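Asks: just to be clear, the model below is a prediction. Sequence and coordinates:
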Amino acid sequence: MTFSALKASAILSASVAALAFASATHAAQPVLTLTPAPAQATPGQGTFALTARTRIFVAKGDVEARVVAGQLSDMLFKARGLKPAVVEGAPSAGEAAIALARGAVSSDKIEAYKVEIAPTGVVITAPKRAGLFYGAVSVWQLAVQDAAKGPAQLPAVGIDDAPRFAWRGFMLDSARHFQSVETIKSILDTMAAHKLNVLHWHLVDDQGWRLEIRKYPKLTSEGSWRVPAGAAGRDPKTGKPIRYQGFYTQDQVRELVAYAAARGITIVPEIEMPGHALAPLVAYPQYGMTKAPPRANMGDWGVFPYLYKPSDETFGFLNDILDEVMDLFPSEYIHVGGDEAVKDQWKASPEVQAQIQALGVKDEHGLQSWFIQRAEKHINSRGRRMIGWDEILEGGLAPNATVMSWRGVEGAVAAASQGHDAVLAPDSTLYMDRRQSASADEPPGRIKIVSLKDVYDFDAAPAALTQAQRAHILGLQANSFTEHMRTDERLEKMTFPRLIAVAENGWTPEAGRDWDSFAARLPAEIARMDVLGVAHDTVPYEPQATLRPADGGQVSVALASGLGLGEIRYTTDGKAPTKASSLYAAPLSVAPGKTVRTRTFLGDEPLGRVRDYPVSLLAAQTRNSHQLEICGNGINLSLEDDAPVSGPRAVFAVDLMNPCWVWKGADLSTALTLTARIGQVPFNFQIGADREKIPLRAPATPDGELEVRLDGCAGERIAAIPLGAAARGPALGTVGGRIPAEGGVHDLCLTFTAKSVEPTLVLDSVSLTAAGKSGEN
Ligand code: ACM
């Protein structure tokens, strides 16, 4: 559809708006970069000039509008250095100003708003404060389409907008790793700028209790620290333990709740029960099933067996906690967790078994249901509603419960078919601890790739639901569980830009979502995230190089980006790649010694960083662990090393259930030298009896060997390279050995021998060079 055809149309469907306003294929047209894409948009003529003289007008006495106008002014100041004055009354004749007005809009949702942008002025109209705020956010977005300071031209447009879902959320795990208040504010700012409205705050888990509870001070004095596993937990100079710790004071929580509320965001706190409870039980073991739980939190990930005792005393404790929580958080919903409560401790307890009999519930699931219903009663008694992970369906759903569906969308389907509300938060698609591309440059996380497009394409209207049941879907959220997000920057990079795709999925009508349109808006989004000061992952846009030895001493360089967006441009003469540089179409043949400099361009805009790939024969003969194939599909991680304590650490691609890698297609027509960089990681994973399933191959030498097998891991062993000192201590080590000629091309399976999974030996990289030539240089 052409721009003029769009203009002729009074009201556009969102799909048309989204497609025509931001299509990479219509570069000459103005791009309406609003994200999430609005429900309806009608382009106008010309632009509105936002300048240092622009003022924002509100009606006299409209306090809420005045507050929103002040927020818009502050946001514009942060982004562009312009601080429009907020004035009560009406603009003077001929003054091109921004006005906030109360008035009717097409939708009765509280977030609904209209924006009219014309050269003569901007009018934001909404009946409710939430709508005024989102109208202001839309105006801000159109003023922030690049990271430049100073005046901006806003495209003329009429927007009539309201959200698809009421729950547009993000779950932040502050238990596994703890974030600063400033980081959380920055995330809240970025959420608000994309019309997200729920921060589900996972404050409590086995590894840490992060919320000050006045009545139970040991929850934070004892429950908020742990010693990280392995070398990360010891000062290498003194050998003393290093504590990882942190919690939020009630004053900080009140500050964040208010900060969020001012931006239209409700913080929903989560207090886990009856499992994921090690941290509170370290502090107060009397409410647990075992008299002797660990005396301190552990540095392990996974699912611990420690459960609360289902007793009146425990409910005295939990209700006291919930009371302080409800005093702090005014949210309608209180989250009680309920997930992954391994029932072994309840099964093994004669007292609990007698309680199951006495209560007349069927089994431990029935008891969990009873437990959750007791919590619900207390929450309901304070006029709040309970929400929990989908395990709260097991043994019978509490009468008024809302279900958060994480094991796929089945929990939501079950809840909706029982007439209960549900929020969609399925693993893997909405789990931000998954990698965004196959590149070794991605932050550590779970190996399975969930790309920006995967998140964008998530179907929030599952076919398994009838139309009536769909009304029970409150919305969706992304979850950032932070086991592998040790720093705030990593949390942000794993979360963004994917959370922006969740925002569009939650706001824009289903018919209006369009990946090409969303992708075309990414350069503006990148500028906005930069302006907001939130870190975001650019790796999936960037060209990744695969280097292979080629004929005549040359090296073949293949370039591809994870998301496949735009065009890849490159140089080999040392100059920075520009839009005018050579267009990449097929693998390049490059002489060793040169550097391939490459960048992705989307339309005229660069997308991601310049990537430099120095070309050498050794680089072509080397693969890092992410470029090898992982044999299994157990606990597949891009796992950070535990050393050094400070400074950069290696990141290994590994299946901890079967540490084994395959070099596909090794040319063994002549004998080769194999050189491997190896590391060792602590096995800090609570996986119960599954630990016994990890294959161990008996070592023949004291430190074990790197074994090489031909054509599959059950194939003939053609080398066993003793590890020696390289396997000792937390630092990376290098080992090398000879691989005999086998005639032709073969796959090589690489495994370690070891007496134990503690520590687990891992590959960092492998080189295959001509026999006698080491891969180390
Ligand atoms: C969860 O991922 N255990 C909710």
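Replies: Sure, I can see it. Numbering: from 1, shown residues only.
Asks: got the residues of the chain near the ligand?
Replies: Neighbours of the ligand within the chain, by CB under 6 Å from any ligand atom: 339-340, 389, 406, 427. Every C-beta, even on glycine, is put in place using the N, C-alpha and C of the backbone.
Asks: can I get those in CSV including pLDDT, neighbour count and secondary structure?
Replies: Formatted as CSV, the residues of the chain next to the ligand follow (pLDDT from 0 to 100; neighbours: other CB atoms under 10 Å; DSSP: H, G, I helix; E, B strand; the rest coil):
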residue, pLDDT, neighbour count, secondary structure
339, 98, 18, coil
340, 97, 16, coil
389, 98, 23, strand
406, 98, 23, coil
427, 97, 17, coil
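Asks: for whichever residue of the stretch 1-150 of the chain sits closest to the ligand, grab phi and psi.
Replies: Proximity of the stretch 1-150 of the chain to the ligand (CB to the nearest ligand atom) peaks at residue 36, 25.3 Å away. Per-residue torsions, residue 36: phi -60, psi 150 (degrees, to the nearest 10).
Asks: and what of residue 220?
Replies: phi -100, psi -40.
Asks: residue 589 versus that one, what's the distance?
Replies: Plainly put, residue 220 is 61 Å away from residue 589 if you go by CB to CB, to the nearest Å.
Asks: neighbour-wise, which of these two wins?
Replies: residue 220 (22 against 12; other CB atoms under 10 Å).
Asks: the more buried one reaches residue 213, doesn't it?
Replies: Yes - between residue 220 and residue 213 there is a contact under CB atoms under 8 Å: 7.4 Å.
Asks: quick one: residues contacting the residue of the stretch 1-150 of the chain closest to the ligand.
Replies: Listed by CB atoms under 8 Å, 6 or more residues apart in numbering, the contact set of residue 36 reads 194-195, 503-504, 506-508.
Asks: next: residue 243.
Replies: 225-227.
Asks: how many residues are close by residue 363?
Replies: Residues near residue 363, counting by other CB under 10 Å: 15.
Asks: and the pLDDT for it?
Replies: As predicted, residue 363 sits at a pLDDT of 97.
Asks: ok, residue 187 next?
Replies: The model's pLDDT for residue 187 equals 98.
Asks: give me the contacts around the helix or strand harbouring it.
Replies: Assigned by DSSP states H and E, residue 187 belongs to helix 181-192. The contact list for helix 181-192 (CB under 8 Å, 6+ apart) reads 133, 137, 170, 172, 197, 199, 248, 252, 255-256, 259-260, 263-265, 488, 491-492, 495-496, 499, 503, 529, 532-534.
Asks: narrow the residues you listed to those in helices?
Replies: 133, 137, 252, 255-256, 259-260, 488, 491-492, 495, 499, 503, 529, 532 (DSSP state H).
Asks: which of those are buried?
Replies: For the ones in helices among the contacts of helix 181-192, a burial check counting by 16 or more other CB atoms under 10 Å picks out 133, 137, 256, 259-260, 488, 491-492, 495, 499, 503, 529, 532.
Asks: closest to residue 689 among those residues?
Replies: residue 491 (32.0 Å; CB to CB).
Asks: can you tell me which residues contact that closest one?
Replies: Contacts of residue 491 (CB under 8 Å, 6+ apart): 172, 177, 179, 183, 480, 482, 485.
Asks: let's see that with 6 Å instead.
Replies: 482, 485 (CB atoms under 6 Å, 6 or more residues apart in numbering).
Asks: now what about stretch 595-614, what contacts it?
Replies: 24, 27, 523, 538, 541-543, 545, 557, 559, 561, 565-572, 576-577, 579.
Asks: give me the phi and psi for the residue of the stretch 201-350 of the chain found nearest the ligand.
Replies: Going by CB to the nearest ligand atom, the ligand is nearest to residue 339 of the stretch 201-350 of the chain, at 4.0 Å. The phi and psi values for residue 339, taken as degrees, to the nearest 10, are phi -90, psi 150.
Asks: correct me, but it touches residue 391?
Replies: Yes - in this structure residue 339 lies within contact range of residue 391 using CB atoms under 6 Å: 5.1 Å.
Asks: residue 76 should be in a helix, yeah?
Replies: Yes - using DSSP: H, G, I helix; E, B strand; the rest coil, the secondary structure at residue 76 is a helix.
Asks: count the neighbours of residue 634 for me.
Replies: Other residues lying near residue 634 total 17 when counted by other CB under 10 Å.
Asks: same check on residue 348?
Replies: Other residues close to residue 348 by other CB under 10 Å number 12.
Asks: against residue 248, how distant is residue 164?
Replies: 32 Å.
Asks: now residue 627
Replies: 41 Å.
Asks: the more surrounded of these two?
Replies: Between residue 627 and residue 248, counting by other CB under 10 Å, residue 248 is the more crowded of the two (23 against 19).
Asks: which residues touch that one?
Replies: Residues in contact with residue 248 (CB under 6 Å, 6+ apart) are 210-211.
Asks: could you redo the last one with a cut-off of 10 Å?
Replies: 174, 178-179, 181, 184, 201, 203, 210-212, 220, 224, 254-256, 328 (CB atoms under 10 Å, 6 or more residues apart in numbering).
Asks: quick check: it vs residue 329, distance?
Replies: 12 Å.
Asks: next: residue 733.
Replies: 49 Å.
Asks: more neighbours, those two?
Replies: A count of neighbours by other CB under 10 Å puts residue 329 above the other of residue 733 and residue 329, at 23 against 19.
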